[in-house]
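Engineer: output the structure for:
(2 chains)
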Amino acid sequence: MLATGMHGDARSLVQKARSEAAEFRFKYGYDMPVHYLAHVLADQAQVYTQHAGMRPLGVIPILIAIDEERGPQLFKVDPAGYFVGYKATAAGVKETEATNMLEKKFRPGPQYSRKEVIELAISVLQHVLGEDLKASDIEVGVASAADGGRFKVLSSAELDEHLVAISERD
Amino acid sequence: MGESAYSFSLTTFSPSGKLVQIEYALNAVNAGATSLGIRATNGVVLATEKKLPSILVDESTVQKVSLLTPNIGMTYSGMGPDSRVLVRKARKSGQVYFRQYHEQIPVAQLCRETAAVMQEFTQSGGVRPFGVSLLMAGYDDHGPQLYQIDPSGSYFAWKASAIGKNMVNAKTFLEKRYAEDMELEDAIHTALLTLKEGFEGELSGDNIEVAVVGEDRKFRVLTPAEVADYLAEVE
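Structural biologist: Numbers count the residues shown, from 1 in each chain, chains lettered A, B, ... in the order given. Below you'll find the model as predicted:
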């Protein structure tokens, strides 16, 4: 999961998400499906919009996973409690520009390989921020069947590889 | 709700006797995507626009029509997140009833209980009304039924109704097209034609959701392929 927005709220949300997922795993004996985690986070966000004395969290989480039954999944939840699955999405500063770029570049369907999708994400980010990025400027998390269906954050060495590949392409 | 210091209602009367929060809630409903329901002699159909904000959205994850009990379902117009709360409460009501009586809850009763929840949120402390109107459809011993529940908690049974952005035109269309002896298949076609009236663009199995409950008393959402077939019949 990636949470963009207010730092403190993001930490709180990540804690909640981890706690929910762990409890689910404990109770039911299998990993919490990502669409259900998104559902739970969204419902909690909705409560904050309807009850006085609580403010909505200033953070948008983007959840990714390889679902056992449905394959690669991507969900985004917003402070209103709205959530939906995406083929590609963006959140935060320059969200609109990034989304427009993705709409043009992204062809739905499994045509993108793991390498291509990582490099697409980084290049959209670079383009939209208008600056060349170094490995220390960004964080990339990937959920991939190639990694055994697990989520992992790329190391700086891996990031450098991708960044070099992108700059050589351009 | 108990933790906050808000023991007073946020929904208060205006000098003219109106509850403006409820009026505004209705504005939220009227800004939402159109939904409609038609009761036929042998079943009920619900249809709704799946208004997606972007082509990047994975439409298979969007579900506007929800099953509440095996023979009752509902859809909404307005704020999606608020509708999820009501779906959950309605499902629970159905289960609580079943646990006690070992029979499925009657449609009218589920409607009444859900409406009562919505009314509570117009009067309780520290909460706002729900920004949704619901269309609840079911088939029980009293036959096929369609109910509309508004943010105020008031509900009515309808032969055919529409809510959301295009409701005025949709209702006019339905008034002309509705016939007392309409059967479920006709009702589905009429529902699709009504949606088509106010729809920007081409209707397809992916941008609308249609659900039916017939004499078999099984509420189910049609697959995009089935919707596409009906659309082809209607063209």
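
Engineer: flag every residue of chain B that's near chain A.
Structural biologist: With Cβ under 8 Å from any Cβ of the partner chain as the criterion, chain B meets chain A at residues B:1, B:3-6, B:10, B:52, B:54-58, B:60-62, B:79-82, B:84-85, B:88, B:121, B:125-128, B:130. To be clear about C-beta, it is placed using only N, CA and C from the backbone, and glycine gets the same treatment.

Engineer: now with 6 Å?
Structural biologist: Contact residues (Cβ under 6 Å from any Cβ of the partner chain) of chain B with chain A: B:4, B:6, B:56, B:57, B:58, B:61, B:62, B:80, B:81, B:126, B:127, B:128.

Engineer: which element follows the longest helix anywhere in chain B toward the C-terminus?
Structural biologist: As assigned by DSSP state H, the longest helix anywhere in chain B is helix B:80-101. The C-terminal neighbour of helix B:80-101 among helices and strands, as given by DSSP states H and E, is helix B:107-120.

Engineer: how far is that following helix from where the chain is centred?
Structural biologist: 13 Å (Cα atoms, centre = their mean, to the nearest Å).

Engineer: the helix or strand that that helix is followed by packs against which elements?
Structural biologist: Later in the chain than helix B:107-120, the nearest helix or strand by DSSP H and E is strand B:132-140. When contacts are defined as 3 or more Cβ pairs under 6 Å, 6 or more residues apart in numbering or on different chains; DSSP states H and E, strand B:132-140 packs onto strand B:35-40, strand B:43-49, strand B:72-78, helix B:107-120, strand B:143-149.

Engineer: so what's the residue count around the residue nearest to residue B:177 when sequence neighbours are not counted?
Structural biologist: In this structure, residue B:177 finds its nearest non-sequential neighbour in residue B:190, 5.1 Å apart by Cβ to Cβ, 6 or more residues apart in numbering or on different chains. Residue B:190 is flanked by 23 other residues according to other Cβ atoms under 10 Å in any protein chain shown.

Engineer: ok, and what's touching the one helix or strand residue B:190 maps to?
Structural biologist: Assignment of secondary structure by DSSP H and E places residue B:190 within helix B:184-198. Where contact means Cβ atoms under 6 Å, 6 or more residues apart in numbering or on different chains, the residues beyond helix B:184-198 that reach it are B:34, B:36, B:38, B:40, B:42-43, B:45, B:47, B:166, B:169-170, B:173-174, B:177, B:203, B:214, B:230, B:234.

Engineer: please apply the same query to stretch B:203-221.
Structural biologist: For stretch B:203-221, contacts defined as Cβ under 6 Å, 6+ apart pick out B:42-50, B:59, B:64-65, B:67, B:71, B:73, B:137, B:139, B:184, B:196, B:222, B:224, B:227-228, B:231.

Engineer: gap between the spatially most central residue of chain B and chain A?
Structural biologist: The centroid of chain B falls nearest to residue B:135 when counting by Cα atoms, centre = their mean (2.5 Å). With the distance defined as Cβ to the nearest Cβ, to the nearest Å, residue B:135 ends up 20 Å from chain A.

Engineer: what pLDDT does the closest residue to that residue other than its chain neighbours get?
Structural biologist: Distances taken as Cβ to Cβ, 6+ apart place residue B:37 nearest to residue B:135, at 4.4 Å, with adjacent residues excluded. You'll see residue B:37 listed with a pLDDT of 97.

Engineer: hmm, residue B:37 is touching residue B:145, no?
Structural biologist: No. Counting by Cβ atoms under 6 Å, residue B:37 does not reach residue B:145; the two are 10.0 Å apart.

Engineer: so those two - more neighbours on which side?
Structural biologist: residue B:37 (28 against 21).

Engineer: and residue 121, how many residues sit next to it?
Structural biologist: No chain specified, so I'll use chain A. Neighbour count of residue A:121, defined by other Cβ under 10 Å: 18.

Engineer: was after chain B, sorry
Structural biologist: The burial count for residue B:121: 24, using other Cβ under 10 Å.

Engineer: try residue B:229
Structural biologist: Residues near residue B:229, counting by other Cβ under 10 Å: 13.

Engineer: the strand or helix carrying it: how far from the chain's middle?
Structural biologist: Assigned by DSSP H and E, residue B:229 belongs to helix B:224-234. The chain centroid and the centroid of helix B:224-234 are separated by 21 Å, computed with Cα atoms, centre = their mean.
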